[in-house]
Every structure is written in C-alpha cells, then in structure tokens.
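>>> Dropping a prediction and its sequence here:
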Amino acid sequence: MLRKQGALLLFVSFFLLSGCAGSALGSQESSPPPMASQPSLPKKKRLRVLQFNLWQEGTSVPGGFEKIVSAILASRADLVALSEVRNYHGRDLHQRLVRALAAKGATYFGRYGGGDVGLLSRWPILKTESIVDGTKEDRGSLIAFHLRLPSGKKLVVCSAHLDYRNYAIYLPRGYDGNSFKMIDTNGDGQPDPVTDLHVLHQMDRASKRDEALKRFVQFAQTKAMGSLPLLLLGDFNECSHLDWTAATAQLYSHNGVVIPWKNSLMLQEAGMRDAWRELYPNPVTHPGATWPSEAWKKGCTSWAPKVDERDRIDFVYYRAKGWKPLRAWIVGSKRYWVYGKLQSPKTQDPFLLQDLPWPSDHKGILVEFALPSS
C-alpha cells in the first residue's frame with residue numbers, strides 16, 4: 001500500500017492508539033531455505049515471476065534491504081516486479097539491488113522507468129514505457145518494461161502499484177476507505193459495515209485505479225503490442241470479482257457482500273488471465289491473501305484491527321499464447337494480522353519461504369509458467 005511519509009506518520013500514530021494485539025516474529029534470522037523441488041521442464045521452457053511489494057524499499061523493518069535480497073535469491077525468480085520503489089536520497093534502488101545480488105552470485109538487470117514501481121530481470125531490459133505515473137499526486141503508477149527472452153522472443157512486463165485511496169473493500173468491513181478510521185455510527189465501539197453495492201462501486205470509481213487499468217488495456221490492445229506475450233504484476237490495492245463470491249460472503253469480514261468488482265472484470269474481458277485463480281479457482285480453499293502480512297520484528301501491520309481484512313490485492317496476470325501456469329505460491333511468513341492478532345490461515349494455500357524473515361506488510365506471489373516450445 002502506498003503512503004507518503006507524512007501520511008505514514010499519522011497512520012503509525014493511529015495504530016499505536018488502536019491497540020493491535022500480538023507480537024512480531026520472534027525467531028532468529030536464518031539463511032534462506034532451499035526452493036521447492038525443480039520441475040522436469042528444462043530451464044529455457046519455464047519462467048518464474050515474482051510480485052513483491054517492498055514496503056518502502058525495506059526501510060520499515062530492521063535490515064529490510066538485505067532481507068529483500070535474500071527473498072529474491074531464495075525465490076529463484078527470473079522476473080521480479082517491485083512495488084513501492086522510492087529511490088530514497090537519490091539512490092537508484094535497482095542498481096543497489098543489482099549490485100547486492102551480484103555480490104551473492106546472481107546476475108540480474110534492473111532499470112527504473114519512472115513512477116513507484118520497478119523490475120529486475122535475468123535478461124537485459126531493452127526499453128521502458130510509462131503508461132501511468134500519478135506519483136506526484138500519490139496515486140500510483142504503471143510502467144511497461146520490454147525485454148527479450150533467451151529464445152529470442154520479446155516479452156513485455158508491466159509493473160503496477162495502483163491508487164490506495166478510495167479503498168472500497170474496507171467499507172463492507174466497517175472502515176472508511178480514505179481516512180481508514182472505523183465507521184461507528186451507533187457509538188457501540190464496533191465497525192458498522194457498508195454493504196450497498198452502489199456505494200461500494202461509487203467509491204471504487206472515485207479512485208484512479210480504473211483509469212490506470214483502462215490505460216493499460218488500451219496499451220495492451222495497440223498494434224505495436226500485437227500478439228506479444230504480456231505480463232501484468234502489481235499491488236492493485238483492491239481485489240477481484242473472483243474472490244468476493246457467494247462462497248466467501250460470510251468470510252473475511254465480507255459481511256454478506258457478493259460484488260462483481262469492475263476492474264478485475266475489465267482485465268478479464270480484455271483477455272488478461274489471473275494466474276493464481278487459474279491454478280486455484282476455489283477462493284475458499286485457496287484465498288491467496290497477500291495482506292496484511294506479518295513482517296520481521298514489526299507489530300501490527302493491519303489498517304483495520306477490529307476485523308478480518310485478509311485479501312488478495314497483489315496479482316500476476318498474463319496474456320500469452322501457449323503459456324501455462326504450472327505452480328504458484330504465497331511467498332513470506334504464513335501468519336497474518338486478523339482482528340489485531342497474528343494468526344496462521346486454515347487454508348490449502350501453498351506457502352514458500354515462510355521461515356524467511358519477511359521484510360514487508362504484503363506477501364509476495366510467485367508463479368511459474370511453462371513456455372511454448374516454438
């Protein structure tokens with residue numbers, strides 16, 4: 001989630017007063033665990049992509065930058081889409097990461113293309129294009145990175161970090177989507193849910209998320225893009241119509257809401273495929289929540305500590321002929337902040353690197369694709 005520094009200080013103060021219960025991870029820092037066993041496909045026939053919100057470049061946790069490097073190495077990702085790129089103090093985050101990874105024997109290329117997002121790649125980045133850059137207004141960005149795979153084929157990867165304001169998925173949970181304060185109209189000290197679908201859609205439209213994704217769809221449909229393989233990864237600061245269904249209406253403080261969220265529908269209608277939901281279509285057994293995560297030696301990362309706000313707000317979309325998602329994992333600590341306390345999910349979600357000291361309030365999403373032979 002995107003925050004300006006001033007907003008961050010206010011927000012921290014708010015949570016110190018709100019009393020999130022529980023404690024941060026207490027185990028000792030250790031070396032990255034080994035990756036899950038390799039598939040039988042040869043390396044050139046598979047591709048791993050990681051969506052990774054860095055939580056202010058890792059500055060929010062002790063030794064965060066080093067933990068980001070460890071997580072990237074342990075994930076063995078070929079492409080890493082980065083959210084919350086700040087380039088603090090005029091220091092290029094991509095180059096810092098490239099140097100740190102090289103010092104540990106891993107070759108990556110990185111290139112800043114504007115906004116508050118980035119990309120690390122096993123292969124050189126040929127050029128970047130700014131699709132949306134609203135960072136001056138604190139409304140996120142969406143940048144395209146062009147590269148060429150070892151097969152010689154071109155690939156376009158779009159990295160997104162969308163507007164965090166008008167956060168409509170908080171209304172059904174009884175929290176305001178702009179102030180992030182609890183809605184307590186009757187004064188009983190408990191959240192009062194807003195479940196009117198018209199009101200939810202109205203707030204969602206008031207954000208810049210729909211504008212950014214419309215611009216992305218226009219970009220994806222240009223003649224220049226043609227049939228090029230296309231990836232869209234990012235922290236969307238909203239969820240999917242595939243998650244807020246009748247089956248989940250009484251889960252995760254949805255308070256009975258079943259809603260066709262418009263932006264995920266727009267991407268689906270434009271031919272973009274949600275890799276997680278292709279592999280795990282059941283949102284009850286495999287919710288894939290990426291927020292709010294436990295973070296290393298940090299207290300409550302929740303923005304709504306009196307409800308269960310777990311949601312899948314980080315995504316890997318693709319549009320590529322012959323590509324097939326083989327496996328996907330939630331990356332990071334297995335615990336979430338729920339009702340102001342740390343809890344482990346009772347789901348069938350596959351987790352990776354759950355014992356690695358985690359540097360972010362978001363979990364990562366790692367997807368492994370099988371590539372076509374020709």
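It's in. Numbering: from 1, shown residues only.
>>> Just give me the neighbour total for residue 256.
Residue 256 has 10 neighbours, counted by other C-beta atoms under 10 Å. Using the backbone N, CA and C atoms, a C-beta is placed for each residue, glycine as well.
>>> tell me the contacts of the nearest residue to it once chain neighbours are set aside?
Once flanking residues are discounted, residue 256 sits nearest to residue 249: 5.1 Å by C-beta to C-beta, 6 or more residues apart in numbering. By C-beta atoms under 8 Å, 6 or more residues apart in numbering, the residues touching residue 249 are 256, 257, 258.
>>> Quick check: residue 47 touching residue 78?
Yes. At 5.3 Å, residue 47 counts as touching residue 78 under the criterion of C-beta atoms under 8 Å.
>>> more neighbours, these two?
In terms of neighbours (other C-beta under 10 Å), residue 47 is the more surrounded of residue 47 and residue 78; the figures are 23 against 19.
>>> Does the more buried one fall in a helix, a strand, or a coil region?
strand (DSSP: H, G, I helix; E, B strand; the rest coil).
>>> which stretch of helix or strand covers the nearest residue to it once chain neighbours are set aside?
Spatially, and ignoring its direct neighbours in sequence, residue 47 is nearest to residue 369 (4.7 Å; C-beta to C-beta, 6+ apart). Counting by DSSP states H and E, the element that carries residue 369 is strand 364-370.
>>> where along the stretch 251-374 of the chain do the strands fall?
Secondary structure of the stretch 251-374 of the chain (DSSP state E, counting those that start in this stretch): strands at 273-274, 314-319, 324-331, 336-338, 341-343, 351-352, 364-370.
>>> Need those strands in JSON lines (columns: mean neighbour count, mean pLDDT and distance to residue 295).
JSON lines is the format used below for those (neighbours: other C-beta atoms under 10 Å; pLDDT from 0 to 100; distance: least, C-beta to C-beta, whole Å):
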{"stretch": "strand 273-274", "mean neighbour count": "20", "mean pLDDT": "98", "distance to residue 295": "26"}
{"stretch": "strand 314-319", "mean neighbour count": "24", "mean pLDDT": "98", "distance to residue 295": "15"}
{"stretch": "strand 324-331", "mean neighbour count": "22", "mean pLDDT": "98", "distance to residue 295": "13"}
{"stretch": "strand 336-338", "mean neighbour count": "23", "mean pLDDT": "98", "distance to residue 295": "9"}
{"stretch": "strand 341-343", "mean neighbour count": "16", "mean pLDDT": "97", "distance to residue 295": "11"}
{"stretch": "strand 351-352", "mean neighbour count": "20", "mean pLDDT": "98", "distance to residue 295": "15"}
{"stretch": "strand 364-370", "mean neighbour count": "24", "mean pLDDT": "98", "distance to residue 295": "12"}
